[in-house]
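J.: could you work out the structure for the sequence below:
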Amino acid sequence: MDPIERVSSREVYRNNWMTVREDGIVRPDGSPGIYGVVDKPNYALVIPYDGERLHLVEQYRYPLGMRRWEFPQGTAPDRQDLDPGELAARELREETGLRAGSMTALGTIDVAPGLSSQRGTAYLATDLSEGAHEREVEEQDMTAAWFPRSEVEKMIRTGEITDAQSLAAYALLLLHERA
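T.: Numbers count the residues shown, from 1 in each chain. Below is the predicted model:
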């Protein structure tokens, strides 16, 4: 049983990538309140690994006003829900041109559960072959490169990699390797 009851909901904004809604709620003690919720489709994140190096992408992140390194990730167009494994393979191919012979699910990541319904699945991609990328127009400034694991960890420590999903996925990778 949910401790918070939704008593009303209204959409306040929509575009091809997300909706924002405001829900009227009643708490367990009977007091009213509101929640602003960002609804986005589920995403897939891929950690391409060749046994020695990890493949990252870099792009300009408009809300931050800066370029950021991260693992390939994304959602399906127009808020569609796709099988997470299919979505992961598509994002890997689209952003890097890589194709994986093996994709291993590492776990689930909730983006910002205090304000968003979006969830993602992180994958480890191995047995990689290279091909041409298939980037969308929004990704035209994207670059991609291989990095030794030691360099990726240095980039995390120095703040060159700050993407929360990438950091969480790397933690899932470390746990997977210990199992």
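J.: can you list the weak-confidence ranges in this protein?
T.: The model of the chain has pLDDT under 70 over residues 1, 77-80.
J.: swap in 90 and give it another go.
T.: 1-2, 16-17, 75-83, 132-141, 179 (pLDDT under 90).
J.: remind me, longest helix of it?
T.: The helix that spans the most residues within the chain, counting by DSSP state H, is helix 164-178.
J.: got a list of contacts for that one?
T.: With contacts defined as C-beta atoms under 8 Å, 6 or more residues apart in numbering, helix 164-178 is touched by 43, 45, 47, 49, 69-71, 73, 104, 106-107, 109, 111, 120, 122, 124, 152, 156, 161. C-beta: built from backbone N, CA, C; applies to glycine.
J.: try stretch 22-37
T.: 3-10, 12, 20-21, 115-117.
J.: again, 6 Å this time
T.: Residues from elsewhere that reach stretch 22-37 (C-beta atoms under 6 Å, 6 or more residues apart in numbering): 3-10, 12, 21.
J.: likewise stretch 117-128?
T.: 39-40, 42-50, 84, 88, 92, 98, 100-111, 169, 172.
J.: ok, Leu92 - contacts?
T.: Here Leu92 is in contact with 46, 72, 98, 125 (C-beta under 6 Å, 6+ apart).
J.: out of the contacts of stretch 117-128, which are buried?
T.: Neighbour counting with 16 or more other C-beta atoms under 10 Å marks 40, 42-49, 84, 88, 92, 98, 100, 103, 106, 109, 111, 169, 172 as buried within those.
J.: one step back: so of the contacts of stretch 117-128, which ones are in helices?
T.: Of the contacts of stretch 117-128, the ones assigned to helices by DSSP H are 84, 88, 92, 169, 172.
J.: my read is Pro3 is in a strand, agree?
T.: No: under DSSP: H, G, I helix; E, B strand; the rest coil, Pro3 falls outside any strand and is assigned coil.
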